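Q: model this:
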Amino acid sequence: MAMLVNGRPGDAVSVLDRGFAYGDGVFRTLQLRHGRPWMWRWQYARLCDDAARLRLEAPDEGLLLDELLALGREHALAVGKIVLTRGAGARGYAMSAAGAPTRVVSAAPWAGYPAEYGERGVVARWCELRLSVQPALAGIKHLNRLESVLARSEWSDPAIQEGLLLDQDGWLVEGAMSNIYLLRGSQILTPRLDRCGVNGAVRDWLTENVSNFGLEFIESRLSVGDLIDAEAAFLSNSLMGIWPLARLGERVWMPSPLLQSLRQALLQQA
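A: Residues are numbered from 1 along each chain as shown. Down below sits the predicted model:
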């Protein structure tokens, strides 16, 4: 893995960094194609929005693009990551104790996921962990991802690709590493992320583009029953793109040509 810390080669930050001490920061993980980030318009917009929510200043767009290109250009496909923290500071929670922000940009070569995940779909399971409700952090990809870590620790079966999460009140929210969507008639439904969960860049792309397929994008409170009754369901994130959901427990979904059309349109996005 190649890495730049505040623009300089290295792999270490201060133990006083608030990202390390408190999870005080945000991040984005993305595909790099010969160093060029896929879905960049949506990725950078998400990074800026998340940073603003935590009262952090987002790095200059051109600077990030230059650093990603420098690290990933030798690889046909790589995983890029941008981490932004409030920086090192004195003991205590007060934001005013922090110094200059810390920016870490990295890239690692990547073989991608098996093509069959996107073509035939994947298997998911329900997680026992329930997501905490905290509207102040809802939607933000902040650095405290302990709930996702604990959720992912619930299974080791390689035949299961994702775990689905409910909140404390039993509403469907997301996958351990993905956003989730249901197809119902001419509607794409996805959980509202006003109480918890992470808003992904692909989710933003879908918000803007499903109307091109004669579909309406709707954010709603969704139950377990809504998912089980859906005509089709799928997952998304910035590395997987779109994966149809093929099986969840006893529920099996057949391949959907409409979802494949959406997936192909996404793959062709710059």
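Q: can you pull out the helices in the chain?
A: Ranges of helices in the chain, per DSSP state H, are 18-22, 40-53, 61-72, 115-119, 146-152, 201-209, 224-229, 257-267.
Q: other residues contacting the third one?
A: Around helix 61-72, the neighbours that count as contacts under C-beta atoms under 8 Å, 6 or more residues apart in numbering are 2-4, 7, 32, 34-37, 40, 44, 78, 80, 82, 105-107. The C-beta positions use only the backbone N, C-alpha and C, and glycine is treated the same way.
Q: of the helices of the chain, which is nearest R130?
A: helix 146-152 (8.8 Å; C-beta to C-beta).
Q: thinking again about what came up before, dump the helices of the chain to JSON lines, plus mean pLDDT, mean neighbour count and distance to D167.
A: Formatted as JSON lines, these follow (pLDDT from 0 to 100; neighbours: other C-beta atoms under 10 Å; distance: least, C-beta to C-beta, whole Å):
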{"stretch": "helix 18-22", "mean pLDDT": "95", "mean neighbour count": "19", "distance to D167": "23"}
{"stretch": "helix 40-53", "mean pLDDT": "98", "mean neighbour count": "19", "distance to D167": "19"}
{"stretch": "helix 61-72", "mean pLDDT": "98", "mean neighbour count": "18", "distance to D167": "32"}
{"stretch": "helix 115-119", "mean pLDDT": "96", "mean neighbour count": "15", "distance to D167": "26"}
{"stretch": "helix 146-152", "mean pLDDT": "98", "mean neighbour count": "16", "distance to D167": "10"}
{"stretch": "helix 201-209", "mean pLDDT": "97", "mean neighbour count": "20", "distance to D167": "17"}
{"stretch": "helix 224-229", "mean pLDDT": "98", "mean neighbour count": "14", "distance to D167": "12"}
{"stretch": "helix 257-267", "mean pLDDT": "95", "mean neighbour count": "16", "distance to D167": "25"}
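Q: please render the ones you listed as a markdown table that adds distance to L193 to the earlier fields.
A: Formatted as a markdown table, the helices of the chain follow (distance: least, C-beta to C-beta, whole Å):
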| stretch | distance to L193 |
| --- | --- |
| helix 18-22 | 22 |
| helix 40-53 | 12 |
| helix 61-72 | 24 |
| helix 115-119 | 24 |
| helix 146-152 | 14 |
| helix 201-209 | 8 |
| helix 224-229 | 16 |
| helix 257-267 | 20 |
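Q: the domain parsing of the protein - what is it?
A: Segmentation of the chain into domains, based on automatic domain parsing, reads 2-109, 115-267.
Q: of the contacts of helix 61-72, grab the buried ones for ChimeraX.
A: Filtering the contacts of helix 61-72 down to the buried ones (16 or more other C-beta atoms under 10 Å) takes a single ChimeraX command:
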select :2,3,4,32,35,37,40,44,78,80,82,105,106,107
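Q: among the contacts of helix 61-72, name the ones in strands.
A: A2, M3, L4, L32, R36, P37, A78, G80, I82, V105, S106, A107 (DSSP state E).
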